[in-house]
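# Starting from these lines, generate the structure:
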Amino acid sequence: QVQLVESGGGLVQAGDSLRLSCAASGRTFSGYAMGWFRQAPGKEREFVAAISWSGGTTYYADSVKGRFTISRDNAKRTVSLQMNSLKPEDTADYYCAADWVTAQAMAVGGVVDYWGNGTLVTVSS
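You can find the predicted model right below:
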């Protein structure tokens, strides 16, 4: 079992930056691919970014590529999402995710073993 707790959400203006963090506890963290998904009001949950267990491979949704950066610190059992040049359409609940398989499986197939409870990001225009 892995427990995930997100933090860092808030209200920002378009063009601002925000950094989300996810703290993991429970089973071995370093063996899991980690990622972020988001769900906007009235829309389905969608993939945002994923990172392999080693941190050597990352995947991004086209909508955030070049603006968001995912990273992890296995020693601290954390994964972060640096979000720059935020847009109103980035407004959503952001969820941390963990998967024992691969980051690619998370990115392509939405395969997730564990979810956090989410943190709200609101971007005003």
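
# Is the residue nearest the centre of the chain in a helix, a strand, or coil?
When the chain is reduced to its mean C-alpha position, the closest residue under CA atoms, centre = their mean turns out to be W36, at 2.0 Å. Secondary structure of W36, reduced to three states by DSSP: H, G, I helix; E, B strand; the rest coil: strand.

# Report the separation between it and S125.
The span separating W36 from S125 equals 23 Å under the rule CB to CB, to the nearest Å. (Each C-beta comes from the backbone N, C-alpha and C, glycine too.)

# Do I have it right that V112 meets A105?
No: with contact taken as CB atoms under 8 Å, V112 and A105 are classed as non-touching, separated by 9.1 Å.

# quick one, which of the two is more surrounded?
Here V112 and A105 are set side by side on neighbour count (other CB atoms under 10 Å), and the busier one is V112, at 21 against 15.

# Ramachandran coordinates for that one?
As for V112, its main-chain torsions (degrees, to the nearest 10) stand at phi -140, psi 130.

# got the buried residues for the least confident helix or strand in the chain by mean pLDDT?
The least trusted helix or strand in the chain, going by mean pLDDT, DSSP states H and E, turns out to be helix 103-109, with a mean of 90. Buried residues in helix 103-109, counting neighbours by 16 or more other CB atoms under 10 Å, are found at A103, M106, A107.

# Can you list the residue ranges for strands in the chain?
Chain-ordered strands for the chain, with DSSP state E as the definition, fall at 2-7, 10-13, 18-26, 33-39, 46-51, 58-60, 68-73, 78-83, 92-99, 114-115, 119-124.

# export the ones you listed to CSV and tack on mean pLDDT?
Formatted as CSV, the entries for the strands of the chain read as follows, by pLDDT from 0 to 100:
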stretch, mean pLDDT
strand 2-7, 95
strand 10-13, 98
strand 18-26, 95
strand 33-39, 97
strand 46-51, 97
strand 58-60, 97
strand 68-73, 97
strand 78-83, 98
strand 92-99, 97
strand 114-115, 95
strand 119-124, 98
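
# if we can go back for a sec, which neighbouring elements make contact with the least confident helix or strand of the chain?
Contact partners of helix 103-109 among helices and strands, from 3 or more CB pairs under 8 Å, 6 or more residues apart in numbering; DSSP states H and E: strand 33-39, strand 46-51, strand 58-60, strand 92-99.
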